[in-house]
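**Q** model the following, please.
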Amino acid sequence: MTENAQSPLPTEAAGAASDLADAGELFKAVLTGKPDDPLIEFRGVVYSRGWVSTVAGELEAILAETPPEYPIALVARNRPGHAAVIYGAIAQRRSISMMYGSQSSASLARDLRQLRPTVVIADEQDWSDEVSAAAADISAIAVAIKLGSSGALYRTGVAHRSPTEPRRALSTPAVEVLSSGTTGPPKRMPLTFAQLSRVVQAHRAYLADGDANQNRGEIVYAPFSSMGGVWALMTVGGTGCKMILMEKFTVEEFVAHVRSLRPKSIGLFPICLRMVLDAKVPKEAFASAEFATAGGALVDPALQEEFETTYGIPLLIAYGATEFCGSVVAWTRQLREQYGRSKLGSVGRPLPGVSIRVVDAQTGAALPAGEQGVIEALVPRIRPDWIRTTDLAVIDEDGFVFHRGRADGAISRGGFKIFPDAVAEALRRHPALSDACVVGLDDRRYGQVPVAVCEVKPGIAWPAETEMEQFARRHLIAQHIPVRFLFVDQLPRSAMMKVRIPEVKALVQAQLSPESSS
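**A** Next up is the predicted model:
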């Protein structure tokens with residue numbers, strides 16, 4: 001959701017509880033448990049707790065020659081060796097800076113030169129000549145991960161020498177996760193080990209309430225470089241569940257895991273909901289599920305209704321952000337039983353210990369129920385003050401939060417303010433579309449005008465622009481109707497499967513000019 005709220009490195013004392021061990025202590029226990037216990041399943045192969053502990057030991061030997069205050073860099077991929085490195089680093093109280101594996105060698109080399117870590121750990125396939133040269137330039141120890149059933153780590157042939165420039169140090173052990181990068185370059189968000197331990201404690205309480213899969217295992221496809229992926233690693237490892245690991249989401253693999261695991265709940269990103277529906281997955285595939293969860297992006301109420309009608313299970317939506325170390329607002333089964341579908345379109349109520357308000361973007365004054373403003377959250381586990389977001393919402397008289405999109409993406413069309421998410425939500429009702437994204441295009445007359453880029457369902461013919469315009473006129477006021485409709489088979493997406501707005505804007509700019517838009 002929000003990515004622009006300021007999030008300086010919090011102190012361990014912010015919201016701390018003295019009876020909680022930090023993540024380092026928790027994961028020492030993970031690595032010293034029964035060695036034959038299954039911990040990760042990947043592509044049909046099961047990796048035991050003992051295997052993960054072996055990889056952690058290899059990592060410890062490599063890190064012995066580097067100062068503990070310097071974070072290591074991990075080019076993260078959803079693979080067993082990468083999970084083992086994360087577990088091992090946390091158990092050894094070593095900070096990690098995540099890097100996206102899904103980027104070009106040139107981008108990866110550029111990021112390394114900017115980050116300047118002491119140690120770089122990456123999959124064998126990521127050690128291109130460009131990346132190796134960058135590691136040598138910054139005097140980093142280069143470590144490769146080899147997927148296999150035995151030892152996984154080895155030093156590459158990159159020459160290592162003593163650094164000549166100072167490194168960036170972290171005074172408090174943390175995992176630096178990446179924002180999704182939907183509106184610009186991804187940002188690093190530090191999550192301290194104390195905060196991460198609270199994630200585990202909260203999930204243990206959730207398990208105790210019987211609302212999760214307990215020891216059946218969890219299907220994990222959120223990228224490890226993101227908050228969603230780190231959350232999964234922490235909760236699965238910290239609660240003794242087996243992780244069913246997917247390198248990326250595909251409907252076929254996800255459904256196969258659900259059929260095998262028979263979980264009580266299934267978790268799907270909003271775009272994954274649409275992919276499942278478009279693939280016409282039969283209802284019986286999810287017969288074990290008592291409910292589904294969704295978060296990470298706006299969920300169109302029409303999509304929620306279609307999913308619930310098709311599969312006969314409630315969809316419990318949550319709202320959160322990297323800055324909050326997870327969800328801060330959510331539906332629970334108890335809320336759904338109490339309110340039914342009367343609050344359709346809401347992302348739920350604030351979770352225990354969290355306070356949410358909406359404020360005027362200019363004055364910062366808190367707004368009453370029913371008025372739209374910018375979301376602020378008070379999350380003691382993160383920091384003791386209110387965190388301002390760039391998300392818009394309305395809070396009703398019953399305390400339910402209705403997320404309305406991002407304030408920083410508003411389009412000003414000749415003085416009329418247009419919120420792209422609201423326009424896209426209306427366009428998604430067209431039966432030929434699986435998704436839509438609306439961006440502003442510079443215009444000489446109006447300043448900016450909205451343009452829609454529409455993702456068409458597989459196997460469906462692209463609609464005509466005139467058809468989409470007529471459809472839009474039935475659902476939107478005149479000023480909100482896009483001036484052009486472009487069609488694609490697939491919108492550009494981040495590793496978290498969120499639409500990348502800069503790439504959509506570049507696509508629009510490449511096909512349209514300001515002169516032709518008005």
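**Q** pick out the least confidently modelled helix or strand of the protein, by mean pLDDT.
**A** helix 514-517 (a mean of 47; mean pLDDT, DSSP states H and E).
**Q** surely Arg474 is in a helix?
**A** Yes: checked against DSSP: H, G, I helix; E, B strand; the rest coil, Arg474 lies within a helix.
**Q** what about it, how many residues nearby?
**A** 8 (other CB atoms under 10 Å). Just so you know, the C-beta spots here come from the backbone N, C-alpha and C atoms, and that holds for glycine as well.
**Q** per-residue pLDDT, it?
**A** Here, the pLDDT recorded for Arg474 equals 91.
**Q** ok, it to Ala452 distance?
**A** Distance of Arg474 to Ala452, given as CB to CB, to the nearest Å: 15 Å.
**Q** in contact with Lys505, which residues?
**A** Listed by CB atoms under 8 Å, 6 or more residues apart in numbering, the contact set of Lys505 reads Val439.
**Q** for it, grab phi and psi.
**A** With angles defined as degrees, to the nearest 10, Lys505 sits at phi -60, psi -40.
**Q** can you tell me how far it is from Ile62?
**A** Distance from Lys505 to Ile62, by CB to CB: 42 Å.
**Q** quick one: low-confidence parts of this protein?
**A** By pLDDT under 70, the weakly predicted segments of the chain are 1-21, 148-151, 160-164, 180-185, 199, 201-216, 238-240, 415, 513-518.
**Q** pop the domain breakdown of it in here.
**A** Following automatic domain parsing, the chain resolves into domains at 23-193, 194-347, 410-517.
**Q** please, which helix or strand holds Val85?
**A** According to DSSP states H and E, Val85 maps onto helix 80-91.
**Q** and the next element down the chain from that helix?
**A** strand 96-100.
**Q** Met246: neighbour count?
**A** Residues near Met246, counting by other CB under 10 Å: 17.
**Q** give me the phi and psi for the closest residue to Arg473 other than its chain neighbours.
**A** What sits nearest to Arg473 in space, not counting adjacent residues and going by CB to CB, 6 or more residues apart in numbering, is Ile481, at 6.2 Å. Per-residue torsions, Ile481: phi -70, psi 120 (degrees, to the nearest 10).
**Q** which residues touch Ile481?
**A** With CB under 8 Å, 6+ apart, Ile481 has these contacts: 450, 469, 472-473.
**Q** likewise for Val299?
**A** By CB under 8 Å, 6+ apart, the neighbours of Val299 are 270, 273, 315, 317, 347.
**Q** do that again at 7 Å, thanks
**A** By CB atoms under 7 Å, 6 or more residues apart in numbering, the contact set of Val299 is 270, 317.
**Q** what about it, which helix or strand?
**A** Using DSSP H and E, no helix or strand contains Val299.
**Q** could you do the one 5 residues further on as well?
**A** Using DSSP H and E, the element containing Gln304 is helix 301-311.
**Q** by contact count, what packs against that helix?
**A** Using 3 or more CB pairs under 7 Å, 6 or more residues apart in numbering; DSSP states H and E, the elements in contact with helix 301-311 are helix 270-278, strand 315-321.
**Q** so after the last one, what's the next helix or strand?
**A** Meaning strand 315-321. strand 326-330.
**Q** same check on the longest one?
**A** As assigned by DSSP H and E, the chain's next helix or strand after helix 270-278 is strand 291-294.
**Q** quick check: neighbours of that following strand in the sheet, parallel or antiparallel?
**A** Each strand that pairs with strand 291-294, with its direction, by DSSP bridges: strand 265-267 (parallel), strand 315-321 (parallel).
**Q** now render those strands as TSV, adding distance to Met189.
**A** As requested, the strands paired with strand 291-294 are exported to TSV (distance: least, CB to CB, whole Å):
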stretch	distance to Met189
strand 265-267	21
strand 315-321	9
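**Q** relative to Asp385, which of the domains of the chain is closest?
**A** Closest of these to Asp385 is domain 194-347, at 12.2 Å (criterion: CB to CB).
**Q** out of the helices and strands packed on helix 301-311, flag the one nearest Phe487.
**A** helix 270-278 (15.9 Å).
**Q** run the angle between the closest one and strand 315-321 for me.
**A** 150 degrees (axes from the mean of the first three to the mean of the last three CA atoms, to 10 degrees).
**Q** CA atoms only: put helix 270-278 into PDB for me.
**A** Extracted C-alpha coordinates of helix 270-278, given in PDB (Å, rounded to 0.1, in the frame of the first residue of the first chain):
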ATOM      1  CA  PRO A 270      -5.600  -9.200  -5.400                       C
ATOM      2  CA  ILE A 271      -4.200 -10.000  -8.800                       C
ATOM      3  CA  CYS A 272      -3.900 -13.600  -7.800                       C
ATOM      4  CA  LEU A 273      -7.600 -13.600  -7.000                       C
ATOM      5  CA  ARG A 274      -8.300 -12.500 -10.600                       C
ATOM      6  CA  MET A 275      -5.900 -15.100 -12.000                       C
ATOM      7  CA  VAL A 276      -7.600 -17.900 -10.100                       C
ATOM      8  CA  LEU A 277     -11.000 -16.800 -11.300                       C
ATOM      9  CA  ASP A 278      -9.800 -16.400 -14.900                       C
END
